[in-house]
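# kindly generate the corresponding structure for this input.
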Amino acid sequence: MVLEKSLDYGRTWQPYQFYATDCLDAFTMEPKTVQDLTQHTLLDIICTEDYSRGYVGRPRLHNMASLYGQLDTTKKLRDFFTITDLRIRLLRPATGATMVDENNLSRYFYAISDIKVHGR
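Model (predicted):
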């Protein structure tokens, strides 16, 4: 799954975060977690395997109040969190740990029951 953002009302898209059961296989990226991010890598686009088992959520950072305070003074941070549109691309069904015959993938389906996006 790819979470993507647009800055031009959906004309172009760029990745915001990747989700997979195997980040190396799906996106040729090393898997990371929010805990791996530092002040210097906070704006990196990462692939995480943490939320690949059915429940996905944008990870919460521990110092959100500090980040909100820096939005007005740090252009790179403001640019990272500024979006006009947010898109979720579901690339393949989450089948858990079961091996699936590639020919039968079309028989699987997606279901999203609740989405909450907070912004200011």
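# neighbours around the residue lying closest to residue 8 once chain neighbours are set aside, how many?
Sequence neighbours aside, residue 84 is the residue nearest to residue 8 in space, at 6.6 Å (criterion: C-beta to C-beta, 6 or more residues apart in numbering). Using the backbone N, CA and C atoms, a C-beta is placed for each residue, glycine as well. Residues lying near residue 84 (other C-beta atoms under 10 Å) number 11.
# phi first, then psi, for the residue located most distally from the centre of the chain.
The C-alpha centroid of the chain is most remote from residue 103, which lies 27.4 Å away (C-alpha atoms, centre = their mean). For residue 103, the backbone dihedrals (degrees, to the nearest 10) come out as phi -70, psi -20.
# gap between it and residue 91?
17 Å (C-beta to C-beta, to the nearest Å).
# for residue 20, same thing?
8 Å.
# who's more crowded, those two?
Between residue 20 and residue 91, counting by other C-beta under 10 Å, residue 20 is the more crowded of the two (21 against 11).
# picking that back up, who touches the residue nearest to residue 8 in this structure?
By C-beta atoms under 8 Å, 6 or more residues apart in numbering, the residues touching residue 84 are 6-10.
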